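Novice: Quick one: sequence and predicted model below, then my questions.
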Amino acid sequence: MADDLRSLIAAELAVAVDARIAAFAAAIATPYGDAARAVLFYGSCLRSEQLVGEMLDFYLIVSDYDAAFEKPWMAKWNRRLPPNVFPVTHEDLMGKVAVLDEADFHSLNRADASAVSVWARFSQPARLVWTADEQAKAMSVEAVAGAAPTLLDLALAETQAPTDIVTLWEAGYALTYSAELRAERKERARSVVAFDEGRFREFGHAALPHCALKTEVSGDAVRVAAGQDAAAQALRNRWPKLRRNGKLLTIARLTKAAFTYQGGIDYLSWKINRHAGTNIAITPWQRRHPFLTALYLVPKLWLGGAIK
């Protein structure tokens, strides 16, 4: 990645956060000892700055899954179906932390990732709220640098006609929401970009030169350059697989969370109720049998349209 894109990402990741977030991040990293490399904060709470009573989103990057987990089966599942996700609390704050090792964090932010979840999130603003050392900081910047070009490439392949850079970002996020089981309203993609259009415009201009598709840019207008039909078609051909993998992986991860994430069923119902306007109530029996409940609940919610 060229210095312009990397420098934008480094500056954004370094923006100061509320002291409570920094303390929370240090508390997340501490139990993992020398295996902990970085903690990143992202998501809706970063945009709203509302902390108390919200579910805060973190990624913990570790050197190696075997070094991070005492239980071999936890390392095995994180390697086979990344990430593992855990509930976390610190003082009066609560959140969830997804665990990836450095190699997976890098590869899942790139175009050959099998699903959209990591690069879709880290093409959006994030904060690097704890690092083990300068090498871990540089690793984080380089990993995140793959996210924006990946999203814009796939969005360009679908649009091709001249469009505005801001509109291109919106199209990209709409596509990523269709590639996961997300309890999101239709206007979600627009709201993510509208929060700071200037940021997305600046990052878009910096990322476009690093897309696989060559583009013609005039001001904020962008189009795929002539002679890119075969490359664009190859990228468009990726979306059916990304959609299939994304939905299957979401089901698998939610089911896995039934035995790796204490209170995972309650979190699932909270998330869907919040975003889809439903009123799902978890029974005591379902709470005692989270794995069976996940097998029943996730497909039911999908078929019922609460998540798409």
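Specialist: All right, it came through fine.

Novice: where does E70 land in three-state SS?
Specialist: coil (DSSP: H, G, I helix; E, B strand; the rest coil).

Novice: What segments of this protein are strands?
Specialist: Under the criterion DSSP state E, strands of the chain are mapped to 36-42, 55-62, 84-90, 93-101, 126-131, 163-164, 215-218, 221-224.

Novice: What strands line up against the last one, and which way round?
Specialist: When you say that, I think you mean strand 221-224. strand 163-164 (antiparallel), strand 215-218 (antiparallel) (DSSP bridges).

Novice: The first one now?
Specialist: Within its sheet, strand 36-42 is paired with strand 55-62 (antiparallel), strand 126-131 (antiparallel), according to DSSP bridges.

Novice: Which one of these lies nearest to V217?
Specialist: Ranking these by proximity to V217 (C-beta to C-beta) places strand 126-131 first, at 25.2 Å. Bear in mind the C-beta positions are built from the backbone N, C-alpha and C, glycine included.

Novice: From Y32, how far off is the residue nearest the centre of the chain?
Specialist: Residue closest to the mean C-alpha point of the chain, counted by C-alpha atoms, centre = their mean, is R121 at 3.0 Å. Computed as C-beta to C-beta, to the nearest Å, the R121 to Y32 distance reads 21 Å.

Novice: same question, L8
Specialist: 29 Å.

Novice: repeat for W169
Specialist: According to C-beta to C-beta, W169 stands 34 Å off from Y32.

Novice: For those two, indicate the residue with more neighbours.
Specialist: Shown here are W169 and Y32; by other C-beta atoms under 10 Å, W169 has more neighbours (27 against 19).

Novice: And the pLDDT at that one?
Specialist: Per-residue pLDDT puts W169 at 96.

Novice: Does it touch E202 like I think?
Specialist: No: under the criterion of C-beta atoms under 8 Å, W169 is not in contact with E202, lying 11.3 Å apart.

Novice: can you tell me which residues contact the closest residue to F24 other than its chain neighbours?
Specialist: Leaving aside its sequence neighbours, F24 sits nearest to H90 (C-beta to C-beta, 6 or more residues apart in numbering; 4.2 Å). Taking C-beta atoms under 8 Å, 6 or more residues apart in numbering, we find H90 in contact with R20, A23, F24, A27, I28.

Novice: Can you check these and name whichever has the most neighbours?
Specialist: Across these, neighbour numbers were computed from other C-beta under 10 Å; F24 holds the maximum, 27 neighbours.

Novice: Distance of the nearest residue to H106 once chain neighbours are set aside relative to V217?
Specialist: Take H106 and drop its neighbours on the chain: the residue closest to it by C-beta to C-beta, 6+ apart is A143, 4.5 Å away. Remark: distance between A143 and V217 (C-beta to C-beta) = 26 Å.

Novice: between those two, which one's more packed in?
Specialist: Per other C-beta under 10 Å, whichever of A143 and V217 has more neighbours is A143, with 26 against 14.

Novice: what's the neighbour count on the nearest residue to N109 once chain neighbours are set aside?
Specialist: Using C-beta to C-beta, 6+ apart and skipping the chain neighbours, the partner closest in space to N109 is G146 (4.0 Å). For G146, the neighbour count with other C-beta under 10 Å is 26.

Novice: Need the per-residue pLDDT for G146.
Specialist: For G146, the pLDDT comes out at 97.

Novice: So it is in contact with V118, correct?
Specialist: No: in this structure, G146 is not within contact of V118 by C-beta under 8 Å, at 9.4 Å.

Novice: Identify the contacts common to these two.
Specialist: Taking C-beta under 8 Å, 6+ apart as the criterion, G146 and V118 both touch N109.

Novice: rewinding a little: what would the contacts of H90 look like in CSV with pLDDT and distance to A194?
Specialist: Converted to CSV, these look like this (pLDDT from 0 to 100; distance: C-beta to C-beta, whole Å):
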residue, pLDDT, distance to A194
R20, 95, 27
A23, 97, 31
F24, 98, 28
A27, 98, 33
I28, 98, 30
